[in-house]
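**Q** here you go, sequence then predicted model.
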Amino acid sequence: MKKLLLNIYETLHRVYGPQHWWPARTRFEIIIGAILTQNTAWSNVEKAIANLRRERLLTPDGIKKTRKSKLARLIRPSGYYNVKTDRLKDFVNYFYSAYGGSLRRMFSCDTAKLRRELLGVKGLGRETADSILLYAGKRPVFVIDAYTTRVLSRHGIIRDNDDYDQIQSIFTENLPADYLLFNEYHALIVRLSKEACRKRPNCRACPIADLF
DNA sequence: GACCAGGCACATC
DNA sequence: GATGTGCATGGT
């Protein structure tokens, strides 16, 4: 499995090149994006992010001080806007009460402790917490999302009923705990899934098909 | 007009 | 622990 996973990574990296993830300007923007993209197409999240940026609210203080009704209006394009407004508020409430709104302080925490804390915030599940840890915190935590599950399932590496932790352990038990590797690997999986592995798979365009 | 998209909380069994 | 449901927009 170790060899297979590295082969997949090397092949994807050779074919697609570095992906430069996460698509965001700041660490805080990564966190906002991670929440807004829950079960939502990224193109819709971009519109919401652009609205927040235009209003100069893409900051902890901006989210904290803005009324829910206004936040909801601005993030409307990303869908589930009432739910997500509460999630943004819940996150910044935690962020201020635990770390005084300082990303540097939050990310000076031990990874396991911070993950437990993030999972304790309503609205942050495993994927969102892990995305924050990996892409904003630069921690070697592998993110399992719909793309990852789809690719692994289609190539027979997992079964359909494997849960998040089981899938994640395939990566963490077989790869070195390297932030840059986990970042690039996950981004490449997303790229592969979009290019060749959608609902109607184009397996002839799949660069890793020969590795199995 | 159906179907899909980088989840999650909550109720119920 | 497993399963079902609500949340909502914009692109194909």
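**A** Yep, it's here.

**Q** now do the helices in chain A.
**A** Chain-ordered helices for chain A, with DSSP state H as the definition, fall at A:2-16, A:27-36, A:42-54, A:60-65, A:68-75, A:81-99, A:103-106, A:111-120, A:126-131, A:146-154, A:164-172, A:179-196.

**Q** around DNA strand B, which positions in chain A sit nearby?
**A** A:21-23, A:33-34, A:37-42, A:44, A:79-80, A:83, A:121-129, A:131, A:135, A:143, A:145-147, A:190, A:194, A:198-199 (Cβ under 7 Å from any atom of the strand). Placement of C-beta: from N, CA and C, glycine included.

**Q** rerun at 6 Å
**A** Remark: the part of chain A in contact with DNA strand B comprises A:22-23, A:34, A:37-42, A:79-80, A:83, A:122-128, A:131, A:145-147, A:199, using Cβ under 6 Å from any atom of the strand.

**Q** which ones, among those, also lie beside DNA strand C?
**A** Answer for these near DNA strand C (Cβ under 6 Å from any atom of the strand): A:39, A:40, A:41, A:79, A:80, A:83.

**Q** counting neighbours, what do you get for the third one?
**A** Going back to what we said before, that points to residue A:41. 10 (other Cβ atoms under 10 Å).

**Q** re earlier: are any of the residues of chain A next to DNA strand B buried, and if so which?
**A** When neighbours are counted using 16 or more other Cβ atoms under 10 Å, the residues of chain A next to DNA strand B contain these buried positions: A:22, A:34, A:37-38, A:40, A:79, A:123-124, A:126-128, A:131, A:145, A:147.

**Q** for DNA strand B, give me its nearest residue in chain A.
**A** Of the residues in chain A, the one nearest DNA strand B is residue A:125, at a distance of 2.2 Å by Cβ to the nearest atom of the strand.

**Q** my guess is that residue meets residue A:131, correct?
**A** No. Residue A:125 is beyond contact range of residue A:131, at 10.2 Å (criterion: Cβ atoms under 8 Å).

**Q** what's the closest non-adjacent residue to the residue of chain A found nearest DNA strand C?
**A** Per Cβ to the nearest atom of the strand, the residue of chain A with the smallest distance to DNA strand C is residue A:79, at 2.5 Å. The spatial neighbour of residue A:79 that comes closest, neighbours along the chain excluded (Cβ to Cβ, 6 or more residues apart in numbering), is residue A:40 at 5.1 Å.

**Q** tell me the spacing between the residue nearest the centre of chain A and residue A:33.
**A** For chain A, the residue nearest the mean C-alpha position is residue A:131 (3.4 Å; Cα atoms, centre = their mean). Per Cβ to Cβ, to the nearest Å, residue A:131 is found 9 Å from residue A:33.

**Q** now the helices of chain A as CSV including mean pLDDT?
**A** Output for those, formatted as CSV (pLDDT from 0 to 100):
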stretch, mean pLDDT
helix A:2-16, 97
helix A:27-36, 98
helix A:42-54, 98
helix A:60-65, 98
helix A:68-75, 98
helix A:81-99, 98
helix A:103-106, 98
helix A:111-120, 98
helix A:126-131, 98
helix A:146-154, 94
helix A:164-172, 97
helix A:179-196, 96
